[in-house]
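Sequence unavailable; structure follows:
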């Protein structure tokens, strides 16, 4: 199963972008504003939007009459791992404003630098998640037979019990961040990744056997298993 991104567009006048750069710099009492600080400390727009509009973050700073800053080069792997963390934390596809929060280590500008646009960065991330990039998506372990002990079937699983971060993102891409039983919206630690066929009854940690539940329904299901 493959996944698609939601479309969104921005059309902000240049003068508004530059004015907001100066506003945030004045608010912080500095004349040297990084893209990360802009996103995390009150920027109205997105550093990615500004970087695209002016060709680079430093070009925008120059036009806004602010001092230039040195931006560290961030690898694609670091950016993908950051998106995994943000996506899982908020339980849905991240948008510009989500990258301003403390859960994101990098600003949207870093994605623009590496992929051309923020949307291209999201597309590359989805391709990375769908392909697996040479790593297992399903927490595979060594194959092993069933063990029978005192008339009780003990399952030797082919997968690890807890889903890895990449598999969690795939579940969220498929189901969103709503409990499959009551429909309540969940975020962060309130998202429970449940085995449809319980783990102790042989259910594997694979996409088809995972679903999103709220804490009360996950606990209630566990009591019935």
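Done, it's in. Quick caveat, the model's predicted, so the values are computed rather than measured. Numbering: from 1, shown residues only.

In this structure, where is pLDDT below threshold?
1-10, 71, 132-155, 222-225 (pLDDT under 70).

secondary structure element for the residue nearest the centre of it?
Taking CA atoms, centre = their mean, the centroid of the chain lies closest to residue 87, which sits 2.3 Å from it. Using DSSP states H and E, the element containing residue 87 is helix 76-90.

Just the residues contacting the helix or strand following that helix, thanks.
On the C-terminal side of helix 76-90, the closest following helix or strand by DSSP H and E is helix 108-115. With CB atoms under 8 Å, 6 or more residues apart in numbering as the test, helix 108-115 has contacts from 35, 39, 46-52, 56-57, 71, 73-74, 76, 79, 96, 99, 117-118, 120-124. To be clear about C-beta, it is placed using only N, CA and C from the backbone, and glycine gets the same treatment.

I'd say residue 46 and residue 121 touch.
No. With contact defined as CB atoms under 8 Å, residue 46 and residue 121 do not form a contacting pair (12.0 Å).

In which helix or strand does the closest residue to residue 68 other than its chain neighbours reside?
Excluding its sequence neighbours, the residue lying closest to residue 68 (CB to CB, 6 or more residues apart in numbering) is residue 58, at 4.6 Å. In the assignment (DSSP H and E), residue 58 maps to helix 57-63.

three-state assignment of the nearest residue to residue 65 once chain neighbours are set aside?
Counting by CB to CB, 6+ apart, residue 22 is the residue found nearest to residue 65 once chain neighbours are left out, at 7.3 Å. Secondary structure assignment for residue 22 (DSSP: H, G, I helix; E, B strand; the rest coil): helix.

Surely residue 22 and residue 60 touch.
No. At 10.7 Å, residue 22 does not count as touching residue 60 under the criterion of CB under 8 Å.

The two: which is more packed in?
residue 60 (25 against 15; other CB atoms under 10 Å).

does that one really touch residue 51, like I thought?
Yes. If you go by CB under 8 Å, residue 60 and residue 51 touch, sitting 6.9 Å apart.

ends of stretch 177-191, how far apart?
Its start and end residues considered, stretch 177-191 measures 7 Å (CA to CA, to the nearest Å).

Mind listing residues that contact that stretch?
Outside stretch 177-191, the residues that touch it by CB under 8 Å, 6+ apart are 88-92, 172, 192, 211-215, 217.

Please apply the same query to stretch 30-46.
10, 12, 16-17, 20-21, 23-25, 27-28, 47, 50-51, 57, 61, 66-69, 71, 96-97, 99-102, 104, 106-110, 118.

please redo it, this time with the cut-off set to 6 Å
With contact meaning CB atoms under 6 Å, 6 or more residues apart in numbering, stretch 30-46 is reached by 12, 17, 20, 24-25, 27, 47, 57, 66-67, 69, 96, 99-100, 107-109.
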